[in-house]
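A.B. asks: prediction below, plus the sequence it came from.
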Amino acid sequence: MAIVNQRLTGIQDNVLVVPSGKRYAITNILVCNNSASGTQTFDLHLIANSGGSPGTLDNNVTRVVNNLDLPAGETFTFDSEKIVLETGDMVSFVGHTDLAATVSYLEV
């Protein structure tokens with residue numbers, strides 16, 4: 001099992017991009033609000049590779065978590081569904097800089 005961690009920047013953050021010739025099964029996604037006070041929001045996108053070129057973040061197509069409020073000091077866990085990503089597919093976030101994202105995955 002592998003993990004990738006990233007602090008969100010407030011713009012689109014492609015936290016995990018599946019490299020060429022690989023296939024990943026996402027086992028868990030965590031988002032932690034590191035703020036001492038204040039609720040922060042984020043979106044989670046699963047972006048498919050578009051015929052060999054990078055996919056595009058589209059709020060009406062790729063968003064699977066919409067504007068989720070996360071109170072200070074709390075962690076959101078996305079682990080009830082298993083997601084398999086192919087070459088070029090991405091796990092992407094749009095969220096505040098006080099948020100940190102962790103994606104756990106297995107190569108399949």
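C.D. replies: All right, it came through fine.

A.B. asks: below-threshold pLDDT in the protein: ranges please.
C.D. replies: Across the chain, the stretches falling below the confidence threshold (pLDDT under 70) are 51-54.

A.B. asks: where do the strands sit along it?
C.D. replies: Taking DSSP state E as the criterion, the chain contains strands spanning 2-7, 12-17, 24-33, 40-47, 63-70, 75-78, 83-85, 90-95, 99-107.

A.B. asks: so what's Phe93 up against?
C.D. replies: With contacts defined as Cβ atoms under 8 Å, 6 or more residues apart in numbering, the neighbours of Phe93 are Leu8, Gln12, Asp13, Val15, Val31, Phe42, Asp43, Leu44, His45, Leu99, Ala101. All C-beta atoms are positioned from the backbone trio N, CA, C, and that covers glycine.

A.B. asks: the fourth one and Ala36, how far apart?
C.D. replies: Same thing as Val15. As judged by Cβ to Cβ, to the nearest Å, Val15 and Ala36 stand 24 Å apart.

A.B. asks: more neighbours, those two?
C.D. replies: Val15 (20 against 8; other Cβ atoms under 10 Å).

A.B. asks: how about the contacts made by the nearest residue to that one once chain neighbours are set aside?
C.D. replies: Once its chain neighbours are removed from consideration, Val15 has its nearest residue in Gln6; the separation is 4.8 Å (Cβ to Cβ, 6 or more residues apart in numbering). Applying Cβ under 8 Å, 6+ apart, we find Gln6 in contact with Asp13, Val15, Ala100, Ala101.
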